[in-house]
Structure formats: C-alpha cells, structure tokens
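In: My questions are about this predicted structure, shown below with the sequence.
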Amino acid sequence: MSRVLSAVAWPYANGPRHIGHVAGFGVPSDVFSRYMRMAGHDVLMVSGTDEHGTPILVTADKEGVTARELADRNNRVIVEDLAALGLSYDLFTRTTTGNHYRVVQEMFTTVRDNGYMVEQTTKSAISPSTGRTLPDRYIEGTCPICKYAEARGDQCDNCGNQLDPTDLIDPRSKINGETPAFVDTQHYFLDLPALAGALGEWLDERESSGTWRPNVIKFSQNILKEIRPRAMTRDIDWGIPVPGWEDQPTKRLYVWFDAVIGYLSASIEWARRLAETEGSSPERWRDWWNDPEALSYYFMGKDNIVFHSQIWPAELLAYSGSGDKGGEPGTFGELNLPTEVVSSEFMTMESRQFSTSRGHVILVRDVLERYGPDPLRYFICAAGPETSDADFTWAEFVQRNNSELVAGWGNLVNRTATMVAKNFGEIPECGPLEEVDEAVLATVRGGFGSVGALLGRHKLRAGIAEAMRIVGEVNKYLTVTEPYKMKDDSQRERLATVLHVAVQCVSDCNTLLAPFLPHAANKVHAVLGGEGELIPMPRIEEVDELEPDSGAGLVTYPVITGDYTATPAWESRAVVPGTKVDKPTPVFTKLDPSVVEEELARVSG
RNA sequence: GGGGCGGUAGCUCAGUCGGUCAGAGCAGAGGACUCAUAAUCCUUGGGUCGUGGGUUCGAGCCCCACCCGCCCUACCA
C-alpha cells in the first residue's frame, strides 16, 4: 500500500465549465483515484477553483459585480457540476480561503528567505484609469510587421508573429479602449535559472522511470533549455497580498505563486478539517508531502504542463532550499516533487475548438441534466483526449452510448437479472461447474489484473476497452450455455449454476467498471440485490472559514468532500445465494438518434 | 519565428526493441438465437499505413525533404 496524492488541476472560476475541461482533468483523475483506492492505496485527492487574476476581474467589471461575487457564484456552479459528475475529491476547495492565503504566504516568505525570489524593475502596461496590470493579450493595436489593425499584444493573429505590446502601433486596451501606459514597476521574480540544475536532475530521474507520457517529458526537458526568471507578482488588487509589501495593496501574487500552491494548501485544509470532525492530527497532510515514499500524480490539460513540470517543482525545490543558492525548508519541511505529471491533450467538439464566447460549447451541467453522468463518463473514458487530441461529436456520443454502454453492458445486466428474477427470485445456489463456467469465471477474474494494470498507468481508454471486452465474453457465455432453454425440471440444477455463474460475472464486471462508472455501479449493485452503495460518492458540504482573520474574506463556502473508506476492494467478491433479485428496470437509457440533430442545432452558434 | 504532437480500413483509433504488423471497436453485409432496452452470438476487412527519396536482407515502425491538421510559445483543461 502506498500513499497517493491525486492533484487535480484547478478550474478557473470565470464561468461554468464545459465538457472539455472535465475530459482533461476531472474524469481521468477520478477514475485513477477510485482505482487506486480500490487497489488498497491511501489516496488524497485535492483540487479547488482558481479565483484570482485579471480575467475574473474583467468579467466581473463587465457584469457590474465584484470579483468576489463573481467567484462565489462560479465556484458554486463548478462545485455542483463536479460533484454531480461523481468526482471523488477528498477536498475540493478554493484559492480565496484564509488557509490558502497563509500557506501561500509561508511559501513565499521561505522562498524569498532562501534567496530564490529576486526583485526586478520591468516595464509593464497598466491601465491609467484603474492602475491595474494590463496583460499582453488585453492590449491590441496595429501590427508593426503586417499592419493588421487588430493584433494582440502578445501575438498578431494575422501574420502569427510574436509581439511585445510596446511594438504595437497605436496600442489600446481591449477592456475599455484607453491607451495603456507603459510604466516602470517593481516585481518579485522567481529565480528559475538557479533551480534549473535541480529541475533537470529531477526530470532525468523521472524520465528513467519510463512512466511519463513521452510528449510530456520531452516537452518539459525542452522548455528547461530556455528557462529564465519569471515574475511572481502583478499590479492588481485582486489576489493574495505580497508579504512585505502590505503597504502596496495594488501588488498581489500572481497565479503562478497562487493556484499551484493549492495542492499543498488544500491538503493542509483537508487535514485541519478532519482534525476538527474526527480528532485526527492536523499534520496528517505530511504523510503525503514529507514522506519520500509517497507518490503524487498531477492531472491537467496540456496547456498546463509548464506549470506542473517546471514552475511548481521549482517552487517546491526553492522552498526546500534545494537549488544552487541552498537554503533551509520552512515549517512545511522538505516537500515531495511530483511523481508524475499526467497531461491530457485537448478535446474538440465537432472538429472545432471549444469556444465559450462563440457559443461553440457544451456545458457539463447541460449534459448532466439531459443525459446523466454515465454516458458522458463513458465517452470520456473510451474516447477522451488521452494521448492525442480527440473529437467529441454528438453522433459518436449517441452511438457509443447505445451500442456499447446500453447494448453491451446494460443488456448483460438486464438479461441476467431478468432470468434470475423469473426463474428463482433470488441468486441461485451454484452446482458443479463445467468447463465453460470455469473458463468465463477465469476470464472475468483475469480482468482485475489486466484492467488494473492499465488503470495504474492511467490508461483509461485501454482499460475500459478491456473491461468491455470481458463484458462481451460474458454475453457470449449466456449465448453458448443457453439458460433460457432450460425449461425442464431435470435441467433445474444446471440452470441454477449457469445463472449463478452469470450473476457472479456481472457482479465482478461491475467492480471492474466501478472506477469508470460509479453511479451506474451503484445501480447495478442494487439490481443484483445489494444493499446500500457499492462505491462511495462525493457530497457537497457547506463549511466555515478556518481563518476568519486572514483577510481573505470568506465566511462559509461549499466544498466537495466524502468518506471513501467503504470503497470496495479491487477483487472478485463471491455473490451470496439467496439474495433477492427482482425483475430489473434498465440501468442505462438508450438515446434516440434525434438528439444528435437537437444538440447540433443548439451548438450551431 | 521557435518548440511539440499527429496524418494507418467508411468512422474512432491500437500498433512496445524495424522481420506472422497490416490490426481492434463501431458502421455495413450474411447467418444463428430469442433470456434481454429489435438487445445478444457467429461469419465477413484488397486500406499505396500523408507524399517523395534514403538506410537495410527486410520499415507504419529508422534518416532526409515536403504537404496537411492540431497544440504550446508567459494565465480559458
């Protein structure tokens, strides 16, 4: 048994999330975490909403609300969506908690004391009317190279050249049209070059493990070559105050020294909350962070690789004093570097990139309301952007649901339960086993090895395909043994045996599919006469702010949490003869092909 | 501009060290069966493995060039 930290990317709270987001980090991390718990590991799965930064401020201004109001609203929507999807976080919190503020500030202070945070003056664009930093992408003007009139400050969309906002002819703010002022401003920079050696050693060591996806490790090593200091503060009034600069309220820590630290602060918050309710140690988070034997897996989309394979590990190394400048760890001690950075590619929709602003989007909430969690989870597991970009189409969504989930697995559950209910009303006793019986039981048991090995390497697509192959074997077993033809009393014992074996196989297949389809697993469990839940589900809880005096400003907020100790083991469990089985109602629903047209009409915008 | 990924049957994709690697699922066609949400099971795959060269006894798998698509390049996974 190992301690396993499942660190899941923090969704940005500037709006509700679409299915591409949960395909990138949500579902894959949940399947992995559920499997690891079933396999006996001690999993801590954390995440939260990322709520600071310019985009939220801009959106809030546009809507005439405060950044905090906007963040509160979106945080709640995201929490509800992720919980409804069944994502089994131990704690899903937010970056606007007092606990997070304190953890970030402790990290910052120690990193600075260790010498890795250096002050530099730079030229940066600010909005004259608000004094806020104007990010490059919020500045537009005429491209100096091709004269395109709507070039962005960071890049010209017309000629593709990378630009500096000061190059633009006639620059203006995209937010309110005013001319930005380019002023000298003081910021803290993380001295990444002083950490490059340690980072390189870590990456080389990780590469030799052979477990990282090749493109992730190669990309990470590549960006190390051009490493340079990066600003960790910004001119903005929405964010975590910079220790030592409390007299400058318009300077705040930047997302790079905010959201990623959430993995640690959420772990600490989890331990503190558990200490209050269960009396365990508030230092329990250290089991996952200070013990070098503990494993950590970080789940995200590919645009976030640089955060997790460079910036976050650099911050951890700087905190521990492990770079060229030496230093001593702070109160959190020496912190573990990521075992694995598991990055997804992108999911497109009907061949085009998701675009919330253009309405080319499918919100998680809409899919859950119309079709429930199972079809979406199944699609993401079977056809998600695991190692290359993947396209979501409604036609394939319907097709996979109908011909694989419903016709393959759902039908097996249904026909088995129907025959048992009709002939016995309970799970029958098992008589002498014949070769076919032994063979199918062995095939199914083999699934715990084959599917498990794939899930341990977070290969969802191959894992669920293997599980579905086994489902097919069980369907074949029923066709070959033909229990529905055993009507004579002399065949009664054989009928009982075949159906007993079938129920055993369905039960085991259900366990194999439980990490992928937890909601369905609980329903199938009930169909077979089981009591309660087979696999625990997360819940939303309204909690009190732990640090009311931190200045963060929250009073109560919703979190996703759960008690997953009742997770079933990753193994075959003998079904109990005599368990009542009623005539089942279908667990899965077939979708009418017309939903393809309906949905396409919705997204045509 | 720089970096990365991909281009394999109608569709979605597997193909570890180059030599049964030309495959799976779905769709389509034919058959069997009827317990089941017309579900299940069996049979059925002539696709220049993006293009053009090269290395090799032998290349989707290695090298070079080119074409196409996508992504990252300092904050929408």
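Out: Looks like it arrived, so ask away. Residues are numbered from 1 along each chain as shown, chains lettered A, B, ... in the order given.

In: Okay, helices next: where are they in the stretch 251-400 of chain A?
Out: A:262-278, A:286-289, A:305-306, A:312-320, A:364-371, A:373-383, A:394-400 (DSSP state H, counting those that start in this stretch).

In: what's the following helix or strand after the last one?
Out: Translated: helix A:394-400. Proceeding N to C from helix A:394-400, the next assigned helix or strand is helix A:411-423, under DSSP states H and E.

In: Now that next one - C-alpha only, CSV.
Out: C-alpha atoms of helix A:411-423 as CSV (Å, rounded to 0.1, in the frame of the first residue of the first chain):
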residue,chain,number,x,y,z
ASN,A,411,-28.2,-5.6,-21.7
LEU,A,412,-26.0,-8.1,-19.9
VAL,A,413,-27.1,-6.8,-16.6
ASN,A,414,-30.7,-6.8,-17.6
ARG,A,415,-30.9,-10.2,-19.2
THR,A,416,-29.1,-11.8,-16.3
ALA,A,417,-31.2,-10.2,-13.7
THR,A,418,-34.4,-10.9,-15.6
MET,A,419,-33.7,-14.6,-15.9
VAL,A,420,-32.7,-14.8,-12.2
ALA,A,421,-35.8,-13.0,-11.1
LYS,A,422,-38.1,-15.0,-13.4
ASN,A,423,-36.7,-18.4,-12.5
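
In: how close does A:N336 get to RNA strand B?
Out: Distance of A:N336 to RNA strand B, computed by C-beta to the nearest atom of the strand, to the nearest Å: 21 Å. For every residue, glycine as well, the C-beta is placed using N, CA and C.

In: My guess is that residue contacts A:Y297. True?
Out: No: taking C-beta atoms under 8 Å as the definition, A:N336 is not a contact partner of A:Y297, at 11.6 Å.

In: re earlier: export the helices of the stretch 251-400 of chain A to a markdown table and tack on mean pLDDT?
Out: A markdown table is the format used below for those (pLDDT from 0 to 100):
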| stretch | mean pLDDT |
| --- | --- |
| helix A:262-278 | 96 |
| helix A:286-289 | 98 |
| helix A:305-306 | 85 |
| helix A:312-320 | 94 |
| helix A:364-371 | 93 |
| helix A:373-383 | 92 |
| helix A:394-400 | 88 |
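
In: Which among those is found nearest to A:T121?
Out: helix A:312-320 (21.5 Å; C-beta to C-beta).

In: ok, the closest one near RNA strand B or not?
Out: No: using C-beta under 7 Å from any atom of the strand, helix A:312-320 stays clear of RNA strand B, coming no nearer than 12.3 Å.

In: Same question for stretch A:24-44.
Out: Yes: counting by C-beta under 7 Å from any atom of the strand, RNA strand B is contacted by stretch A:24-44 at A:24-25.

In: One more: stretch A:212-224?
Out: Yes: residues of stretch A:212-224 are located near RNA strand B by C-beta under 7 Å from any atom of the strand, namely A:214-215, A:218-219, A:222.

In: Please enumerate the shared neighbours of A:N336 and A:Y297.
Out: Shared contacts of A:N336 and A:Y297 (C-beta atoms under 8 Å, 6 or more residues apart in numbering): A:L5.

In: that older thread, quick one, which of the helices of the stretch 251-400 of chain A is nearest to A:R602?
Out: Among the helices of the stretch 251-400 of chain A, helix A:364-371 sits nearest to A:R602 (C-beta to C-beta), with 8.3 Å.

In: Could you list the residues in contact with the closest one?
Out: Here helix A:364-371 has contacts from A:16-19, A:21-22, A:77, A:80-82, A:84-85, A:375-376, A:401, A:589, A:591, A:595, using C-beta under 8 Å, 6+ apart.

In: Mind telling me what element A:E119 is part of?
Out: Going by DSSP H and E, A:E119 is part of strand A:117-126.

In: give me every residue that touches A:H308.
Out: By C-beta under 8 Å, 6+ apart, the contact set of A:H308 is A:260, A:298, A:300, A:338, A:341, A:343.

In: most tightly surrounded among the helices of the stretch 251-400 of chain A?
Out: The highest mean neighbour count among the helices of the stretch 251-400 of chain A, using mean count of other C-beta atoms under 10 Å, belongs to helix A:312-320: a mean of 26.

In: how about the CA coordinates for that helix, as PDB?
Out: What follows is helix A:312-320, C-alpha atoms only, in PDB (Å, rounded to 0.1, in the frame of the first residue of the first chain):
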ATOM      1  CA  TRP A 312       5.600  24.200  -9.300                       C
ATOM      2  CA  PRO A 313       8.500  21.800  -8.900                       C
ATOM      3  CA  ALA A 314      10.800  24.900  -8.900                       C
ATOM      4  CA  GLU A 315       8.800  26.400  -6.100                       C
ATOM      5  CA  LEU A 316       9.000  23.200  -4.200                       C
ATOM      6  CA  LEU A 317      12.700  23.000  -4.700                       C
ATOM      7  CA  ALA A 318      13.200  26.600  -3.700                       C
ATOM      8  CA  TYR A 319      11.100  26.100  -0.600                       C
ATOM      9  CA  SER A 320      13.100  23.100   0.400                       C
END
